[in-house]
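> everything below, folded, please.
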Amino acid sequence: MIEGGSSPPPQEGDEALCVWLQAWSVPEAVVLETAFTLKVGAKAADERPLAGAVIEVIDDGEAVLARGTLGEAPWPDTAALYWTEIELPAPQKAGQHTWRARLVALPQETVFEIGRAHV
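The predicted model follows:
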């Protein structure tokens with residue numbers, strides 16, 4: 001099961017860049033101790049280009065599982081949704097697992113939950 005997440009709304013006076021992250025093409029089930037891929041996209045509220053920004057996927061213990069670099073062109077038919085495909089290692093044990101994505105190549109690192117999976 002995958003549950004999407006989002007960032008908290010900016011507070012008045014915040015100078016931070018507001019970015020939304022979204023994951024899709026997430027498999028419904030994965031085979032233990034293999035690899036799977038998903039797509040992760042990022043869009044800035046002001047639609048500034050995010051090409052070249054790096055996204056990390058981390059586990060509950062904050063360990064980096066994989067990285068991807070946002071491509072030069074936005075996803076087709078979107079205003080500014082930059083995306084990458086990331087290959088992740090499947091868990092070694094069955095159960096519910098949580099991964100988070102964070103955009104790390106911008107001035108301020110922000111963490112967003114991208115989903116929970118029951119394997």
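> contacts, neighbours, all on C-alpha from now
OK.
> surely Val25 is in contact with Lys39?
No Val there; residue 25 is Ser. Yes. In terms of C-alpha atoms under 8 Å, Ser25 counts as a neighbour of Lys39; the distance is 5.9 Å.
> out of the two, which sits in the busier spot?
More neighbours surround Lys39 than the other of Ser25 and Lys39, with 15 against 10 (other C-alpha atoms under 10 Å).
> show me the contacts for that one.
Counting by C-alpha atoms under 8 Å, 6 or more residues apart in numbering, Lys39 makes contact with Ala23, Trp24, Ser25, Val26, Trp83, Thr84, Glu85, Ile86.
> report the beta-bridge partners for it.
When bridges are assigned using DSSP bridges, the partners listed for Lys39 are Trp24, Glu85.
> if we can go back for a sec, which pair of the contacts of Lys39 spans the longest distance?
With C-alpha to C-alpha as the measure, no two of the contacts of Lys39 lie farther apart than Val26 and Trp83, at 13.9 Å.
> in terms of neighbours, single out the busier of these two.
Ranked by neighbour count (other C-alpha under 10 Å), Val26 and Trp83 place Trp83 first, with 27 against 16.
> the strands in this structure, which residues?
Counting by DSSP state E, the chain has these strands, from start to end: 19-24, 35-44, 54-58, 64-69, 82-89, 96-103, 110-118.
> excluding residues flanking it in the chain, which one is nearest the residue positioned nearest the centre of the chain?
Nearest to the geometric centre of the chain sits Ala101, at 3.7 Å (C-alpha atoms, centre = their mean). If the residues on either side of it in the chain are set aside, Ala101 comes closest to Val57, at 4.4 Å by C-alpha to C-alpha, 6 or more residues apart in numbering.
> tell me the contacts of the one you found?
When contacts are counted by C-alpha under 8 Å, 6+ apart, Val57 touches Val64, Leu65, Ala66, Arg67, Trp99, Arg100, Ala101, Arg102.
> what does Thr69 give?
Taking C-alpha under 8 Å, 6+ apart, one finds Ala51, Gly52, Ala53, Val54, Ile55, Trp83, Thr84 in contact with Thr69.
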